[in-house]
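Asks: quick one, structure for this:
(chains A and B)
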Number of protein chains: 2
Amino acid sequence: MNRKPLEHIKVLDFTRVLAGPYCTMMLANMGAEIIKVERPDTGDDSRDFGPFMNGQSAYFISINRGKKSIAVDLKSPKGIEIIKELVKKVDVVAENFRPGTMEKLGLGYDVLNSINPGIIYATMSGFGQSGPYSKRPAYDMIVQGMSGIMSITGNPDGEPVRVGTSIGDITAGMFGAYGIATALVDRAITGKGRMVDVAMLDGQVAILENAIARYTALGEVPKPLGARHPSIAPFGAFKTADGYLIMACGNDSLWETFCKAVDRIDLLELPEYKTNALRTTNADKLKTHIDEILSAKTTAEWDEYLNKKGVPSSPINTVDKLFTDPQIEARKMLVEVEQPGAGKLRVAGNPVKMSGLTQEIPTDPAPAIGEHTADILADFLGMDAAEIEELIKNNIIK
Amino acid sequence: MNRKPLEHIKVLDFTRVLAGPYCTMMLANMGAEIIKVERPDTGDDSRDFGPFMNGQSAYFISINRGKKSIAVDLKSPKGIEIIKELVKKVDVVAENFRPGTMEKLGLGYDVLNSINPGIIYATMSGFGQSGPYSKRPAYDMIVQGMSGIMSITGNPDGEPVRVGTSIGDITAGMFGAYGIATALVDRAITGKGRMVDVAMLDGQVAILENAIARYTALGEVPKPLGARHPSIAPFGAFKTADGYLIMACGNDSLWETFCKAVDRIDLLELPEYKTNALRTTNADKLKTHIDEILSAKTTAEWDEYLNKKGVPSSPINTVDKLFTDPQIEARKMLVEVEQPGAGKLRVAGNPVKMSGLTQEIPTDPAPAIGEHTADILADFLGMDAAEIEELIKNNIIK
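Replies: Numbers count the residues shown, from 1 in each chain, chains lettered A, B, ... in the order given. The predicted structure is shown next:
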């Protein structure tokens, strides 16, 4: 079997920047054909986001490799007519405009559903299609602040800290892709499409984990704890001779293994460290002990030694280290792609490995604006060259 | 239409703690029937994780509400036989043991696939089923350190900081759920199952976003930047009279809107702030200006004022604030559930809203260990009461 699981799925993709394109990238990784609808003039905004390679955005390339692009003027009635014809031929429509935009274009879910009752329509937005904040503009940074995730990230009493990646956008894209996939499972039975409505803010609440449990059960407002875990110890970053080591003693048995490995069985006898609950309560004092022990050797030395002894540990890798890591290599998680005009670069691989899915990510480059307009209109709508030429001349497509 | 999209799907769920249970919770949210297989003695480890409500783990409840539990001794041949019979009756098997564990139990993918060729087998682990680190123990903290995400989170030159939620576990669960859903889409066409292999480390690499683009395009090792964005400015946390405000001027037009709103059009004239690229280069100086401007009023005053003016802003909410937020309320993102013996608590809602999906999350409580053993064995395998009684007496099930 060498079928990609979504290779029969076609997606008309109005998304821009990050949340939406991340969603359709996940669909592309599983074999779906992604037809990116772009503005004829400037295309996806993220084409202008650095870093650049010979004038092309490495950022754009990394999220849009393997997609096709058609450039259609959505302000012209003829452009909208073309889109509606395409909607009849695809399985999924995805967009991440501010709520109301697709309706204004005459492309709201009700319209598209009446054209193609099997259509799955996925929308990703800051706050979702409902609720008092629905129409507010949102960025990743806003939902990171609003959702509480920043309030539990960072050092106690330190300056505020964002999660270093755009987690608000990315989780919205992930939940969007999951919603689309489950709606496709459903459609195989009912023949009917669904509207999927994902909000960045909702997604952040959904990943808050024990912070919600703590507040609801204890009324305790969770605070940032630096690099340590709220309810496991020792479990965090500790000082070594030349930097830091992550060490994670997830249970009593690993704590014992650690104490033996560093020849400090005396710590096992201390009443304040007898149980995980006690170690967590006394985490600051415990950290002082462990920092002292680990200061005797370098991070690399401890990492090798402790892993050999069965204590889970890791350095705090900078991003360059990933490019030579044997595990990342073995899992093909940084894949080289070649972008015409820009050159070779490496992009994140597909984290969803699957039997029979031998090609990890699409090898086609990211598209130029409108690179596939003529092909798609010919293939999907049977337009001939003269008709396409006329549309180009009238600035409806590019 | 009031069908849940996965309501025809049955999942035999061997997962414990977080990554796997998060995955099957996402399937449960979409209507799948989750049969959690637990150790008869202690069950899922996370039953012992705080915080507790009348002795029950709020942590466990929040991730396992709506699932069923069967308790089966996997060390007994009869227990394994029962599992194999159940595998014939379900669609999905999910597990997050260390690689090799299911094989040792005689329940590896090859075996289960030969019993039921339609089975979708999803495994979530620290490093995946292949590669040199595959058998290493992993915790969220380890992959946060190893993947590079900690190297871009935190304040410059500050102490190391973890992402405040267990993002390594949770994204693995999310990618796992997506993999299962796409394999189900595929199975509707081919009739065949797939093995889905998700690694926490792979998942973290997949969400690194522009950090990878920057290193591959420029050879620049990304560093932590506190609360500011690496390539957009002003876009981060700024000081107010009583705390901080998140403000996100995602483009030139919003920057202009901001300057006008705070009556500082002089800033628009400064050459060092003319473009987003220049503002990013001069982000530290820009922050000084903005901190000074915002110090005149409180966070709440600025938030109200700036949002009215169309400038995206937010306070840095603590988790308690979510419980009274009208948007979270409107989106049903904190749902009250009642757990017998523990009382009422609120858990995260379903972030994947969908037409026809009227019941947001399963209303059934989290199960007691083995609460549904007898029912499931009777319903799925046609066992009679005497047979079940006998298995209980022999400590095979509970």
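Asks: now do the buried residues in whatever helix or strand A:E85 lives in.
Replies: Assigned by DSSP states H and E, A:E85 belongs to helix A:77-87. Across helix A:77-87, burial judged by 16 or more other CB atoms under 10 Å in any protein chain shown covers A:79-80, A:82-83, A:86-87. C-betas here are computed from N, CA, C, even on glycine.
Asks: after it, next one along is what?
Replies: strand A:92-95.
Asks: export that next one as PDB, just CAs?
Replies: What follows is strand A:92-95, C-alpha atoms only, in PDB (Å, rounded to 0.1, in the frame of the first residue of the first chain):
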ATOM      1  CA  VAL A  92     -12.900  21.200   1.600                       C
ATOM      2  CA  VAL A  93     -12.900  25.000   1.800                       C
ATOM      3  CA  ALA A  94     -10.600  26.600   4.400                       C
ATOM      4  CA  GLU A  95     -10.300  30.200   5.400                       C
END
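Asks: avg pLDDT for whichever helix or strand comes after that strand?
Replies: Later in the chain than strand A:92-95, the nearest helix or strand by DSSP H and E is helix A:101-104. Helix A:101-104 comes out with an average pLDDT of 98.
Asks: same thing with stretch A:332-342?
Replies: So the average pLDDT for stretch A:332-342 ends up being 97.
Asks: ok, residues contacting it?
Replies: Outside stretch A:332-342, the residues that touch it by CB atoms under 8 Å, 6 or more residues apart in numbering or on different chains are A:53-56, A:58, A:61, A:65, A:322-323, A:328, A:344-349, A:351, A:360-361, A:363, A:365-366, B:201-202, B:205-206, B:212.
Asks: and it, which residues are buried?
Replies: Neighbour-count burial for stretch A:332-342, counted by 16+ other CB under 10 Å, picks out A:333-334, A:337, A:339, A:342.
Asks: distance from the chain centre to that stretch, please.
Replies: 19 Å (CA atoms, centre = their mean, to the nearest Å).
Asks: quote the end-to-end distance of it.
Replies: Criterion CA to CA, to the nearest Å; first-to-last residue distance in stretch A:332-342 is 22 Å.
Asks: ok, stretch A:151-164 next?
Replies: 14 Å.
Asks: okay, and the beta partners of A:T123?
Replies: A:E95, A:D197 (DSSP bridges).
Asks: quick check, it in contact with A:M195.
Replies: Yes: applying CB atoms under 8 Å as the test, A:T123 and A:M195 come out as touching, 7.4 Å apart.
Asks: which residues do these two both contact?
Replies: Between them, A:T123 and A:M195 share these contacting residues under CB under 8 Å, 6+ apart: A:Y109.
Asks: if we can go back for a sec, mind checking which of the contacts of stretch A:332-342 are buried?
Replies: A:53, A:56, A:58, A:61, A:65, A:322, A:328, A:345-349, A:351, A:360-361, A:365-366, B:201-202, B:205-206, B:212.
Asks: so what secondary structure elements neighbour the host helix or strand of A:I34?
Replies: Here A:I34, judged by DSSP H and E, is contained in strand A:33-38. With contacts taken as 3 or more CB pairs under 8 Å, 6 or more residues apart in numbering or on different chains; DSSP states H and E, strand A:33-38 sits against strand A:10-13, helix A:19-29, strand A:68-71.
Asks: in the stretch 201-350 of chain A, where is pLDDT below threshold?
Replies: Nowhere does the stretch 201-350 of chain A drop to pLDDT under 70.
Asks: swap the cut-off to 90 and go again
Replies: Counting by pLDDT under 90, the stretch 201-350 of chain A contains low-confidence ranges at A:231, A:250-251.
Asks: for A:L18, give its distance to chain B.
Replies: For A:L18, the distance to chain B equals 7 Å [CB to the nearest CB, to the nearest Å].
Asks: now that residue, nearest residue through space, not along the chain?
Replies: Spatial nearest neighbour of A:L18, excluding adjacent residues (CB to CB, 6 or more residues apart in numbering or on different chains): A:D169 at 4.1 Å.
Asks: what helix or strand does the one you found sit in?
Replies: Assigned by DSSP H and E, A:D169 belongs to helix A:167-190.
Asks: how big is the angle separating that helix from helix B:167-190?
Replies: 20 degrees (axes from the mean of the first three to the mean of the last three CA atoms, to 10 degrees).
Asks: buried sites along helix A:167-190?
Replies: Neighbour-count burial for helix A:167-190 [16+ other CB under 10 Å]: A:167-187.
Asks: can you redo the buried residues of helix A:77-87 as TSV with pLDDT and distance to chain B?
Replies: TSV is the format used below for these (pLDDT from 0 to 100; distance: CB to the nearest CB, whole Å):
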residue	pLDDT	distance to chain B
A:G79	98	24
A:I80	98	23
A:I82	98	26
A:I83	98	21
A:L86	98	21
A:V87	98	17
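Asks: inside helices: which ones of the contacts of stretch A:332-342?
Replies: Judged by DSSP state H, the contacts of stretch A:332-342 include A:58, A:61, A:322, A:328, B:201-202, B:205-206, B:212 as members of helices.
Asks: I appreciate the help and will end here.
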